[in-house]
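Enquirer: what follows is a predicted protein model with its sequence.
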Amino acid sequence: MKKERTYNDKMHTLGRIWDIIVLVTLLLVPAVIGIRLNVYPSASVIFKGLMKVAPLFWVAGVVEIIAYTPLLGTGGMYLSFTTGNISNLKLPCALNAMETAKVKPGSDEGEVITTIAIATSSIVTTLILAIFVLPLRSLLPVISASDSVFAPALRHVLPALFGALGASYFVKHWKISILPISVMCLILIFAGTMTAGNLIIVGVIVSILGCLAFYKLKWL
């Protein structure tokens, strides 16, 4: 237990340091641009712009921390939130790595596996961006254009990714998957405009309550 606390303490310390560094770096970018162009927007303008955007993301931000942390582990959590692209890349990599290694989320083995998987995905992503994306940046507008032959495929990348990832878990744990899937389908039918952040909250709550109910009924 002492080693576990020591490891977690180190991860929390390093994670907070790097999160602060990343936050300062992100804030420096618009600051440097403003200084270079001699443009200094007032605090009221910044606040008004922030209030239009922040409500769209604050729910998802809070929910992601609560929902993803048990799966990513301490080290993986800080690394994921520092490098970004969690739901599209880091989380699928972590889940697939644990599945391949046959370890459980929250275990010591799972902690190591998820951290290595997320670090590897970050390195690979950086290399791919450096080697392929930057030299081909002139072709990206053509490929991603609305009238491009690739446009239909690009619009379905995220559903295809999570559909393939979730299908294996739905098959293995079909008893606890039926209720949340049914509820989410009903919500999308009758309230299709609900934001992704709110959908995640509903899905997590329904899944937890469903598992507790099934456990008490001895269906699991």
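Expert: All right, it came through fine. Residues are numbered from 1 along each chain as shown.

Enquirer: surely residue 60 is in contact with residue 199?
Expert: No - Residue 60 is beyond contact range of residue 199, at 9.5 Å (criterion: Cβ atoms under 8 Å). All C-beta spots, glycine's among them, are computed from the backbone N, C-alpha and C.

Enquirer: which residues of this structure fall in helices?
Expert: Using DSSP state H, the helices found in the chain span residues 2-37, 43-83, 91-101, 108-128, 140-143, 151-155, 157-172, 174-190, 196-216.

Enquirer: break the protein into its domains for me.
Expert: Following automatic domain parsing, one finds the domains of the chain at 1-135, 150-220.

Enquirer: for the ones you listed, which one ends up most surrounded?
Expert: domain 1-135 (a mean of 14; mean count of other Cβ atoms under 10 Å).

Enquirer: so how far is that domain off the chain centroid?
Expert: Here domain 1-135 is found 8 Å from its chain centre; the criterion is Cα atoms, centre = their mean, to the nearest Å.

Enquirer: so for that domain, what's the average pLDDT?
Expert: Domain 1-135 shows a mean pLDDT of 84 in the predicted model.

Enquirer: same question for stretch 191-211.
Expert: 84.

Enquirer: please renumber so the chain begins at 561
Expert: In the new numbering, first residue 561, that becomes stretch 751-771.

Enquirer: list the contacts of it.
Expert: Outside stretch 751-771, the residues that touch it by Cβ atoms under 8 Å, 6 or more residues apart in numbering are 616-621, 623-624, 626-627, 736, 739-740, 743-744, 747-748, 780.

Enquirer: how far out from the middle of the chain is that stretch?
Expert: Worked out by Cα atoms, centre = their mean, stretch 751-771 lies 16 Å from the chain centre.
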